[in-house]
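K.L.:
I need the structure of the sequence given here:
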Amino acid sequence: MRNSLFLFLFGLIISLSSCRNDFEFQPSKGGLTFSKDTVYLDTVFTNIGSSTYRLKVYNKSDNDISIPKIQLAKGTSSKYRMMIDGLTGEDSDASGIGEGKIFNDVELLAKDSMFIFIEVTADVASANATDFLYTDKIEFYNISGAPQTVELVTLIQDAYFIYPQRSEVDGEFLYETINLGFDDNAENVVAIGSNLDDNDPVNGDEYTWNNSKPYVIYGYAFVPDGKTLTVNPGARIHFHANSGLIISKNATLKIEGGLSVTDALENEVIFEGDRLEPDFSNVPGQWGAIINHSTSTENSINHLTIKNATVGILSQNLALFTDSSSPYLNIKNSQIYDCANIGLLARKSTIEGSNLVINNAGQATLACTYGGTYNFTHCTFNNTWPSSQQAAVLLNDYVETATEIYANNPVNNFSFTNCIIYGSNQNELLIDRKGTNAFNYEFSNCLIKSNNTNNNSFYPPTNTTNYSNCSIANNSTLFNPKFEDESTNQLWLSEDLNLPHDTAATALFPTDIAGINRTTSTDLGAYQYVP
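P.N.:
Model (predicted):
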């Protein structure tokens, strides 16, 4: 019995040993294939790290191979860095040199593949002076001759950077903060950010944003009392995560974009996140908000596009529950897209809006709360966010904290004329009242998605007083505006529109958001129909 067991174990060891030649790696003779011959790392700002990009390398031969060297052509001075199958180079069994720059003796099994992950952090000075491209290549060496290569290409964009100062105290980093006043619970609020400067040693006058190169904001940029921030046509503003812009109570905001005539939107002012890769172009919640505490009657926004914020614009009074004065904002010919919470949120505010488009938000595209005075004309509010709780327009007379509901401010007027209020839910208009103060609202010549099955007195058909000449869409076909493509924020009326044209009241604004004349016939919403 013992002898039989010994012979069995001995035979098993021999059989296992005979498989060892499966792991005998031969030096690579070339012949690797790649998922792409050039890796484009899209556009990054100077000295800001890119996303991670992927290259797949295939060994289609029948032999396990060892690649003598995989390296960046610029060696340890390259601004690119690699990770090969989880190894960074300097800590790998592949005897790597430098941090993700050079790898020696990289093994790859027969009929197998491996991933190379690539990132870049470069300054504009490293790029080509004529086209601002920073390039390198990955070289795959073998014993047969010249290495195989994969090109790496990145566009480096210079920018103005606005960020809070940082100091080190007892081994801890402390960032500059700004005081935002009091929150809904009367608690003092501070945020990481910095005051703008009219004589910054690097950026110059930070109260005038121009189009010579983009602006990148870290933390909240703060416009203090007595100052005016002017944003010129064509300016591009990029906000890092948890960043935004705050206008203080006695400051002024002037965004002075203009009508563009090319697809480059050369005169549009654009506020968006600082991730420039195409995969981030429609991702909500990449940055914070424009917070307008200003009570100036000079605040104005024209031809501004806001993309991918948490809240596009928050307009409210700093001393929310003690000061009866209200902020003022005039916004026209502007667009707010893909906000994680709300596109335009107002609290006890006074806002005039015309030729305004707001599309898709987690809660509401437009929320006018805690009363105030609001007039919207030729605006399009649409919400197809995949939630049963979303609405296109929310109107109420209160604000709610964790401990209390405040409803002590009157609704002077909610006025909507020639507007479209639409979306994927049955009810895209929500009206709520909790106070006893005045509550005035009116809808004139509007298309409204509403299905008032409970005979709620806020809505038609039960309510015939606050709605005049309105088209009520209460199913999937009746009065559907048939937008061109709401998923890509193209909210102009399409050819298969089943809503009659020329149904709006007399044009109060002679041109639409795109500069199209609407005086001979007048359509609802921000866009005039063009066949």
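K.L.:
Which residues are in contact with the residue lying closest to N440 once chain neighbours are set aside?
P.N.:
Of all residues beyond its chain neighbours, the one nearest N440 is N413 (4.8 Å), with distances taken as Cβ to Cβ, 6 or more residues apart in numbering. Yep, even glycine has a C-beta here, placed from its N, CA and C like the rest. Listed by Cβ atoms under 8 Å, 6 or more residues apart in numbering, the contact partners of N413 are T373, Y374, N375, N440, Y441, E442.
K.L.:
And the fifth one, how close does it get to S471?
P.N.:
Spelled out, it's Y441. Y441 is 18 Å from S471, where distance means Cβ to Cβ, to the nearest Å.
K.L.:
Backbone dihedrals for A364, please?
P.N.:
The phi/psi pair for A364 (degrees, to the nearest 10) reads phi -150, psi 140.
K.L.:
Just list whatever residues bridge to the nearest residue to it once chain neighbours are set aside.
P.N.:
Take A364 and drop its neighbours on the chain: the residue closest to it by Cβ to Cβ, 6+ apart is L394, 4.2 Å away. Under DSSP bridges, the beta-bridge partners of L394 are A367, L430.
K.L.:
And for A221?
P.N.:
Going by DSSP bridges, A221 forms beta bridges with S194, L245.
K.L.:
Quick check: it touching G193?
P.N.:
Yes - using Cβ atoms under 8 Å, A221 is in contact with G193, at 6.4 Å.
K.L.:
Touching, E268 and T305? I think so.
P.N.:
Yes - counting by Cβ under 8 Å, T305 is a contact partner of E268 at 5.7 Å.
K.L.:
in the chain, what spans have low per-residue confidence?
P.N.:
For the chain, residues meeting the criterion pLDDT under 70 lie at 1-23, 89-98, 180-186, 317-327, 475-477, 496-505, 507.
K.L.:
Excluding chain neighbours, what is closest to the most centrally placed residue in it?
P.N.:
Of all residues in the chain, the one closest to the mean position by Cα atoms, centre = their mean is N308, 2.4 Å from it. Setting aside the residues directly before and after it, N308 is nearest to Q286 in space (Cβ to Cβ, 6+ apart), at 4.5 Å.
K.L.:
just A392 next, same as before
P.N.:
Per Cβ to Cβ, 6+ apart, closest to A392 is E428, 3.9 Å.
K.L.:
tell me the phi and psi of that neighbour?
P.N.:
Dihedral angles phi and psi of E428 (degrees, to the nearest 10) take the values phi -100, psi 0.
K.L.:
Who are the contact partners of the residue nearest to the centre of the chain?
P.N.:
Counting by Cβ under 8 Å, 6+ apart, N308 makes contact with E272, G273, F280, N282, V283, P284, G285, Q286, W287, Y337, D338, C339.
K.L.:
picking that back up, for the residue nearest to N440, name its beta-bridge partners.
P.N.:
Under DSSP bridges, the beta-bridge partners of N413 are T373.
K.L.:
Y467 versus that one, what's the distance?
P.N.:
Applying Cβ to Cβ to N413 and Y467 gives a distance of 15 Å.
K.L.:
would A514 count as being in a helix?
P.N.:
No - under DSSP: H, G, I helix; E, B strand; the rest coil, A514 sits outside any helix and is assigned coil.
K.L.:
pretty sure it is touching L493, no?
P.N.:
No - using Cβ under 8 Å, A514 is not in contact with L493, being 11.9 Å away.
K.L.:
shared neighbours of those two, anything?
P.N.:
Residues touching both A514 and L493 (Cβ under 8 Å, 6+ apart): Y527.
K.L.:
neighbour count winner among those two?
P.N.:
With neighbours defined as other Cβ atoms under 10 Å, A514 and L493 compare such that L493 has more, 21 against 14.
K.L.:
Grab the nearest non-local neighbour of that one.
P.N.:
Using Cβ to Cβ, 6+ apart and skipping the chain neighbours, the partner closest in space to L493 is Y529 (4.4 Å).
K.L.:
I'd like to know how many residues surround that neighbour.
P.N.:
Neighbourhood size, Y529 [other Cβ under 10 Å]: 20.
K.L.:
what's the answer for T130, then?
P.N.:
By other Cβ under 10 Å, 6 other residues sit near T130.
K.L.:
Pick out the one among the contacts of N308 with the largest number of neighbours.
P.N.:
Neighbour max across the contacts of N308 (other Cβ under 10 Å) = C339, 29 neighbours.
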